[in-house]
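Chemist: Give me a 3D structure for the following:
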Amino acid sequence: TLYHLALTCRAFREPALDVLWAHIPTPGVLVMCLPQDARSQPILKLTTRNFDQFKRTRSGRLLRPLTDDDLATFRMYARRVRSLTFEKYDPMSYTMRRDHRLHDSVALALLGSPASSPPPFSGLRELYWYDKRDVLLPCLQRCISTTLTRLVIHSERWPSAMVDLVAGLGTACPKIKEFRCSTPPASVCAILSDLVTSWDDLEILETGAVNAQALQHLASLEKLRVLKILVPEGHSLDLDPTSTFNVMFSLDKFSITAASIQLLLAFLTPLQISAKSAKLNIESPPNADDLDHLLSSLAEHFKPNVLKSLVVRVDRPIGFDDHTLFELTTSAFRKIRAFTGLTSLDLSSMHVFITDDEVLELISAWPQMECLSLATAWDWRVTRLGVTFGGLAGILERCPNLRSLGVNLDTLLPHDSLVHVDNKYAGITSEKVTDLDVGYAECDDIEVIGSLLAGMFP
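Modeler: This next block holds a predicted model:
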């Protein structure tokens, strides 16, 4: 192993240690360079003998205060680190105790040095921060370096210290190519807008909803390939209703998540997007009229001849008296047929009733379709089934490249004699389909239904 190679001779030691310490997937590894009398030992195998110790040792801890020599040793190894991940910290998690991750006190002892001292990770290129402990924000600050090109900060809470840290990233990390910042509140969006305008080499960006100036800057970046926007509750783009402002993007992937369909529609209004993949998430249940409006307007915002993959997901209501308020008709999908190059379409979160004729008319626009999901995620008390085995065969005929298919299959209607003879399927088959979702289909006659499905999808 590289570890044993590092022990063989001085010539191998430095290159081997550089490789060993280049990628640190968990901060618990950082204490392994300290003397054994300074740190608790990881429990690599749980037995009846060490179970009590396992319960006591929830994360890596120090057995004594660190000396100057200990810190010098740590810095010698830290400068080798190129990628560092601080994962989500849950002290009661079995996985976390098994992996022996860092306790607050250890992280602060190693990384809580005065801000005036040199950063410990002088060669760090990638930092992935999922730790939600506010007490460790000074450690996050110490990990920030001018050498960073990829930075992920996942924080559900935004104390003032986090806001100040993010506000200074433009100067602190001028070489950023990938920046992901999840769940920012509306109050931080202005700061994020200023931040992203300071980066010209962005390739991947996940951020809160930014303002018009930031959108124009991002649209001008030739290297930007992935853009993910999070529109929180309370956000406003602050555009003049009479404004003709619009922005054109050329991307590989575009994604937008909004607290409501109104916020999503408002943010999309000035955007014209040329993207191979589009994903729209709405975190509240929209009524059928608003959802119909969104689906009908997609061709106005996305180039039909470029888009290959489309996902539209909505939250479903927890409790409601009349589910018809959320039920779409297939007419809502007609303008999606403009995207003739689609190879993947996911509308599985929609509440819709669709018949054989309607689904065949719909999918006839997508002969290259590989992944199609129309199987509703709504439960059987609400779902109305519509596509029969005949409709299923028609889908296979019109979409010969299908690999994954989801429809709400109606198994209760009489089977079409063209595809069902003596309990054996005699119609079109597809060996390419490896993933089939039939929704909440009834299965009263297991042998017949199983034989049909096995015949269609051998």
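
Chemist: got the end-to-end distance for stretch 277-289?
Modeler: Stretch 277-289 has its terminal residues 25 Å apart, counting by CA to CA, to the nearest Å.

Chemist: okay, now Tyr425: neighbour count?
Modeler: The tally of other residues near Tyr425 (other CB atoms under 10 Å) stands at 20. No exception for glycine: its C-beta is placed from N, CA and C like everyone else's.

Chemist: typo on my end, it should be Ala22
Modeler: If you count neighbours by other CB under 10 Å, Ala22 ends up with 13.

Chemist: Report the separation between the closest residue to Ala441 other than its chain neighbours and Met456.
Modeler: Leaving aside its chain neighbours, Ala441 sits nearest to Leu409 (4.1 Å; criterion: CB to CB, 6 or more residues apart in numbering). Taking CB to CB, to the nearest Å as the criterion, Leu409 is separated from Met456 by 11 Å.

Chemist: Spit out the residues that contact the two alike.
Modeler: 389, 392 (CB atoms under 8 Å, 6 or more residues apart in numbering).

Chemist: More neighbours: which of these two?
Modeler: Higher neighbour count among Leu409 and Met456: Leu409, with 26 against 19, using other CB under 10 Å.

Chemist: Leu392 is in contact with that one, correct?
Modeler: Yes. Contact criterion CB atoms under 8 Å: Leu409 and Leu392 qualify, at 6.7 Å.

Chemist: any idea how far Phe326 is from Leu264?
Modeler: 16 Å.

Chemist: cool, Val188 as well?
Modeler: The spacing between Val188 and Phe326, counted by CB to CB, is 32 Å.

Chemist: What of Ala278?
Modeler: Separation of Ala278 from Phe326 (CB to CB) stands at 22 Å.

Chemist: Identify the residues contacting the residue nearest to Ala441.
Modeler: By CB under 8 Å, 6+ apart, Leu409 lies in contact with 385, 387-389, 392, 438-439, 441.

Chemist: Could you rerun that using 6 Å?
Modeler: Counting by CB atoms under 6 Å, 6 or more residues apart in numbering, Leu409 touches 387, 438, 441.

Chemist: can you list the residues you listed in a markdown table and add secondary structure?
Modeler: Converted to a markdown table, those look like this (DSSP: H, G, I helix; E, B strand; the rest coil):
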| residue | secondary structure |
| --- | --- |
| Val387 | strand |
| Val438 | coil |
| Ala441 | coil |
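
Chemist: what about Ala338, neighbour count?
Modeler: As a measure of burial, Ala338 has 16 neighbours, counting by other CB under 10 Å.

Chemist: What residues sit buried inside the host helix or strand of Gln262?
Modeler: Element membership for Gln262, per DSSP states H and E: helix 261-268. For helix 261-268, a neighbour-count test (16 or more other CB atoms under 10 Å) marks 261, 263-268 as buried.
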